[in-house]
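> Everything below, folded, please.
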Amino acid sequence: MSLLEVENLEVYYETEEGPAQAVDDVSFTLEEGENLGIVGESGCGKTTLAKAIIGILPDAGYVNGGTIRFKGDDMTEMTGEQRRRLKWEEISMIAQSAMNSLDPVYTIREQIVEAIETHRPGTGRTESQQIVTSMFELVGLDPDRADDYPHQFSGGMRQRAMIAMALALEPSLILADEPTTALDVIMQDQILKRISQIQDEIRSSMLVITHDVSVVAETCDRVLVMYAGKVAEEGPVEEIFNQPYHPYTIGLKRAFPNIRKTDQDLLSIKGYPPELIDPPQGCRFAERCPMADERCREEEPEAHYMNDLRTYCHYAEDIDRELRPRADDPKTWRQTEAARAVQEVGDD
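As a prediction, the model looks like this:
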């Protein structure tokens, strides 16, 4: 049995213009001890997916369909109290905005101790204090600073305090939303390595939500690429980064510098994701994809299984034969739609 099974999940937000589908028919599994990276542009549904799993969607958000099974139990059918019992003890979250997640009127120590004693009533005050000290040392903070308030910490220190709180009860599942964004690269590397060590000890799993593909490459076993609320591609880290099949994944990969190919031009994906209040029919990436045709704009792609990858592109099977060189060329992505149309007429 998988630790986490998400199947056909739909999450909506109520807006003044109507309901916006932030997560649309998303399915994946997470095994015990496995790390899954979720990547994509801002607004693609990554954070909404994590909040739906732990049950902290804002008032305007709601799960409209699908299931979220944690250790076999469907969380979408749980009461609020049942979900609360799972938080911190079984599922914890490293939030993206640490200042908004920490209570400004309590010290960091008080907040971590409260979480420990609430979910483990038998824990004594001495043991709780020892856990706080060890967690602060883990994330590179002076334990004496645990009695400070959140506003007395820098942004990076608050983020490290959030990581300490999330790991304090050694949960089975960690939802890490941009966990090291506010940290310098040296501290980021140290914390990611330490989190990996703790995971090895307690066999915990982690969902890593990030814009930084290097974090995913270093910490994750598999990657889920999202675009406009839907899954574009999913598979092992090595295959996603070495030989993806979805044009969006190819473009996303080439938008980051490659230290092994310093003379390689970076790729820019022109345009913006579609509005999710009234999403287009067909492939949602079609309007920004330089290889899209009428079929892409009219017909939603089904899953294609290429090696160990799950890819939602009509022409995934043609990528290796003819489309990969075009998709990997920045010049292809710089063409306007009009220029492509002229080129197609010329080719005919």
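> separation between the residue nearest the centre of the chain and residue 35?
For the chain, the residue nearest the mean C-alpha position is residue 209 (2.4 Å; CA atoms, centre = their mean). Remark: distance between residue 209 and residue 35 (CB to CB, to the nearest Å) = 12 Å. From N, CA and C alone the C-beta is placed, and that goes for glycine too.
> and what of residue 75?
The value you get for residue 75 to residue 35, if CB to CB is used, is 20 Å.
> Residue 167 too?
From residue 167 to residue 35 the distance is 14 Å (CB to CB).
> do residue 290 as well
32 Å.
> So for those two, which sits in the more crowded spot?
Legend: neighbour count by other CB atoms under 10 Å for residue 290 and residue 35, higher for residue 35 (24 against 21).
> domains for this structure, by residue range?
4-220, 245-347 (automatic domain parsing).
> Of the ones you listed, flag the one that's most buried.
Most buried of the domains of the chain, by mean neighbour count (mean count of other CB atoms under 10 Å): domain 4-220, with a mean of 18.
> Would you enumerate the residues in contact with residue 135?
112, 164, 165, 167, 168 (CB atoms under 8 Å, 6 or more residues apart in numbering).
> Give me the phi and psi angles of it.
phi -70, psi -40 (degrees, to the nearest 10).
> Let me see the contact set for residue 316.
Counted by CB under 8 Å, 6+ apart, residue 316 has contacts 245, 246, 304, 306.
> tell me the secondary structure for the nearest residue to the second one once chain neighbours are set aside?
Of all residues not flanking residue 246 in the chain, residue 233 sits nearest, at 4.1 Å (CB to CB, 6 or more residues apart in numbering). With DSSP: H, G, I helix; E, B strand; the rest coil as the basis, residue 233 sits in strand.
> for the closest residue to residue 275 other than its chain neighbours, what are its contacts?
Leaving aside its chain neighbours, residue 275 sits nearest to residue 20 (7.8 Å; criterion: CB to CB, 6+ apart). For residue 20, the contacting residues are 12, 13, 275, 276, 277, by CB under 8 Å, 6+ apart.
> Closest one of the residues you listed to residue 133?
The closest of the contacts of residue 20 to residue 133 turns out to be residue 13 (CB to CB; 40.7 Å).
> Okay, and residue 225 sits in which element?
strand 222-227 (DSSP states H and E).
> coming back round to it: give me the subset of the contacts of residue 135 lying in helices.
112, 164, 165, 167 (DSSP state H).
> can you pull the contacts of the first one?
Residues in contact with residue 112, defined by CB under 8 Å, 6+ apart, are 128, 131, 132, 135, 146, 164, 165, 168.
> Same question for the third one.
Neighbouring residues of residue 165 by CB under 8 Å, 6+ apart: 92, 111, 112, 115, 135.
> Local confidence estimate at the residue nearest to the second one when sequence neighbours are not counted?
Which is residue 111. Spatially, and ignoring its direct neighbours in sequence, residue 111 is nearest to residue 103 (5.9 Å; CB to CB, 6+ apart). Predicted confidence (pLDDT) for residue 103: 90.
> do the same with the one 5 residues further on
Each residue has a pLDDT score; the one for residue 108 is 95.
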